[in-house]
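Asker: Need coordinates for the below:
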Amino acid sequence: MSGVRRVAGPLERRADWLAEKGAALARNPFRIGVIALSFGAFVVLAVIVTTLVSFGTKSYTAILEQTAGLRVGEDVEVHGVPVGSVKSIELDGNRVRVGFVMNGDIKVGNQSKAAVKVATLLGTHYLAVEPAGDGQIGTIPIERTSVPFNLQDVLEKGTGNLEKLDPVLLAKALTETSKTLTATSQNIGPALTGIARLSEAVEKRSDQTGDLLAAARSVTDQLSSSSADIVSLMKQSNLVLEEITSRRAAIHSLLVETTSLASSLDQIIDRTRADMGPALRQLNQVIAILRSQEGTLKDVMDSMAPTVRYLANATGNGPWGDLWLQEPALPPDDLSCRTGGC
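Answerer: Modelled structure (predicted):
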């Protein structure tokens, strides 16, 4: 048993290697310092990259007329839900370029809009993005961006205009206005109530008003598109009126001649009225006689029909008539000769 050699396993060989390396590092403190500094720099770089680089997001740009108080780090919202943040605000000429990031799964189409909104009364803001359109857009142009109303700008611009007003004249105007309002205080209340009701009615009927305006716009567009046809129709109407005007003399002459003809016929009837009366009475008598002999005339026509048919058949072969008589109605020529007639 004392002659058997023991073989070291893989774990023991690995432990021996680490022990040797540890001893070497312990003997070289410079190498330890370099490794520690490299590890620290790697950690700092990872923190910076994690802070600056947004994973799972996409970067966009919006062009604004002004910042309107928007600051870097404020939220970017879509339909009231935070989906990103503002990363940069830069001046680009007389405009402002705002860079922001949003969740990568949100599609920002080529008709998307952006607007700076006031979040709270304390002055915080957010950038509201309204995705729309097809495709993908990287920069939202200034035509589809808006900023909120800035009261400070209005006050700064309005102060100069107020200084130009005459204070005495303004005081007199306000005094007269106050007197007028005092005298008509009983009427102002109902008037304001009526205005409020009118506003409510307009608000309730806003959809119908929109539909009415849309229909009016459709009619206007239709008339505009058919303007050429309308002009052509008016020109044709002018041609018809011109033709009627040119034929007015002929129509007038026709009416005059028709009136003259009616007058002549009236005169003829007046002149022949004495002769026409007896003639019509005699005609009525003849008609009465023919009506009374209607049966006899019918029998005559029935009897004459075969005779006329036979006559037509006999004279239909030429300018002579074919007759057939039974002997001896007309004796032949040889018979008369034999009897001594020749």
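
Asker: Any regions of this structure where pLDDT drops low?
Answerer: Along the chain, segments meeting pLDDT under 70 span 1-34, 47-56, 121, 149-160, 162, 185, 321-342.

Asker: what helix or strand does the most centrally placed residue in it sit in?
Answerer: Residue closest to the mean C-alpha point of the chain, counted by Cα atoms, centre = their mean, is Ser218 at 6.1 Å. Using DSSP states H and E, Ser218 sits in helix 206-225.

Asker: do the same with Met234
Answerer: Secondary structure from DSSP H and E places Met234 in helix 227-246.

Asker: now that helix and helix 206-225, what's the angle there?
Answerer: 60 degrees (axes from the mean of the first three to the mean of the last three Cα atoms, to 10 degrees).

Asker: ok, and for the helix or strand that helix 227-246 is followed by, which residues are buried?
Answerer: Downstream of helix 227-246, the next assigned helix or strand under DSSP H and E is helix 248-271. Of all the residues in helix 248-271, not one is buried under the rule 16 or more other Cβ atoms under 10 Å. C-beta coordinates here come from the backbone N, C-alpha and C atoms, glycine included.

Asker: quick thing: my sequence starts at 29, can you match it?
Answerer: New numbering, starting at 29: the last item is helix 276-299.

Asker: next helix or strand past helix 276-299?
Answerer: helix 301-320.

Asker: which SS class is Pro347?
Answerer: coil (DSSP: H, G, I helix; E, B strand; the rest coil).

Asker: whoops, I mixed them up, Asp162
Answerer: Secondary structure for Asp162, judged by three-state DSSP, is coil.

Asker: Any figure for the gap between Leu155 and Leu308?
Answerer: The gap separating Leu155 from Leu308 is 108 Å, by Cβ to Cβ, to the nearest Å.

Asker: returning to what we had before: ok, and for the helix holding Ser246, which residues are buried?
Answerer: Judged by neighbour count using 16+ other Cβ under 10 Å, helix 234-253 contains no buried positions.

Asker: Name the residues that touch it?
Answerer: Identification of contacts with helix 234-253 by Cβ atoms under 8 Å, 6 or more residues apart in numbering yields 230, 258.

Asker: and if we set it to 10 Å?
Answerer: Here helix 234-253 makes contact (Cβ atoms under 10 Å, 6 or more residues apart in numbering) with 230-231, 233, 258.

Asker: quick one, helices of the stretch 79-228 of the chain?
Answerer: Listed from the start of the chain, the stretch 79-228 of the chain has helices (DSSP state H, counting those that start in this stretch) covering 179-191, 195-211, 213-232.

Asker: Just send those helices back as JSON lines, with mean neighbour count too.
Answerer: Compiled in JSON lines, the helices of the stretch 79-228 of the chain are given as follows (neighbours: other Cβ atoms under 10 Å):
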{"stretch": "helix 179-191", "mean neighbour count": "9"}
{"stretch": "helix 195-211", "mean neighbour count": "10"}
{"stretch": "helix 213-232", "mean neighbour count": "10"}
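
Asker: Reformat these as JSON lines; add distance to Gln164.
Answerer: As requested, the helices of the stretch 79-228 of the chain are exported to JSON lines (distance: least, Cβ to Cβ, whole Å):
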{"stretch": "helix 179-191", "distance to Gln164": "35"}
{"stretch": "helix 195-211", "distance to Gln164": "56"}
{"stretch": "helix 213-232", "distance to Gln164": "38"}
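
Asker: Between those, which one is closest to Asp303.
Answerer: helix 213-232 (85.2 Å; Cβ to Cβ).

Asker: distance between the ends of stretch 115-132?
Answerer: End-to-end distance of stretch 115-132 (Cα to Cα, to the nearest Å): 16 Å.

Asker: Please identify the buried residues of that stretch?
Answerer: For stretch 115-132, a neighbour-count test (16+ other Cβ under 10 Å) marks 115, 117, 124, 126, 128-130 as buried.
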